[in-house]
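**Student:** output the structure for:
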Amino acid sequence: MRRDAYAVWSSSWSSGAGELRLQFRSAGGGGVLLASSRLLLELRGGTLILTRLSPTGTIQSRVQSPTPLCDGQWHSVAARLAPAALAVDGGPEVRDSGGLTPLVETVAPPEKLYIGGLPEGVLDGVGSRENFRGCIRDVSVGGEQRDWTDMESIHNVLLDSCPVAQ
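**Tutor:** Numbers count the residues shown, from 1 in each chain. Here you go, the predicted structure:
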């Protein structure tokens, strides 16, 4: 993906929609994989981090992969928000240790779910804000998988730049 590239899964996504899954191969050490006003799944320094945010934007919970994932290989990710949990490459699920603000469950209004990056002005001050550089495939939300061409919108995503072969 280009530095200014991102896709919108849906403008009516709900953070209670269940598990988020994708595969990625990174060409850099950081970048946003999935984001909304209530979550941020990003690579930072090669480590995968899932951050759950409150409606006011404060961090409610955070989990991270036990090992760096910036090795040019494909990695599969499964993430849940309630409670915050992350599984990488079919390994054991890593859950929030509970050391941050207690999780307060509320019904979240529909919002945009971004893939691969963020437009200017979205989630300013949270996470790295760097758009992902690499390849993302097999994105599924709540059990629904979509191809890049089926996203609600795409912005500067190079559809033919990521090889399918592993």
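
**Student:** mind listing what the most centrally placed residue in the chain touches?
**Tutor:** The centre of the chain sits closest to Leu34, judged by C-alpha atoms, centre = their mean, with a distance of 2.4 Å. When contacts are counted by C-beta atoms under 8 Å, 6 or more residues apart in numbering, Leu34 touches 20, 22, 40-41, 79, 113-115. For every residue, glycine as well, the C-beta is placed using N, CA and C.

**Student:** can you list which of those are found in strands?
**Tutor:** Using DSSP state E, the members of the contacts of Leu34 that fall in strands are 20, 22, 40-41, 79, 113-115.

**Student:** nearest to Gln73 among the residues you listed?
**Tutor:** Nearest to Gln73 among these, counting by C-beta to C-beta, is Leu22 at 14.5 Å.

**Student:** hang on, Thr149 in a helix?
**Tutor:** Yes. According to DSSP: H, G, I helix; E, B strand; the rest coil, Thr149 belongs to a helix.

**Student:** distance-wise, check it relative to Thr58.
**Tutor:** Distance of Thr149 to Thr58, given as C-beta to C-beta, to the nearest Å: 36 Å.

**Student:** can you check Phe132 too?
**Tutor:** 24 Å.

**Student:** those two: which is more packed in?
**Tutor:** For Phe132 and Thr58, the more surrounded residue by other C-beta atoms under 10 Å is Phe132, and the numbers stand at 28 against 10.

**Student:** surely that one is in contact with Leu22?
**Tutor:** No. In this structure, Phe132 is not within contact of Leu22 by C-beta atoms under 8 Å, at 10.5 Å.

**Student:** relative to Arg95, how far out is Gln60?
**Tutor:** Separation of Gln60 from Arg95 (C-beta to C-beta) stands at 13 Å.
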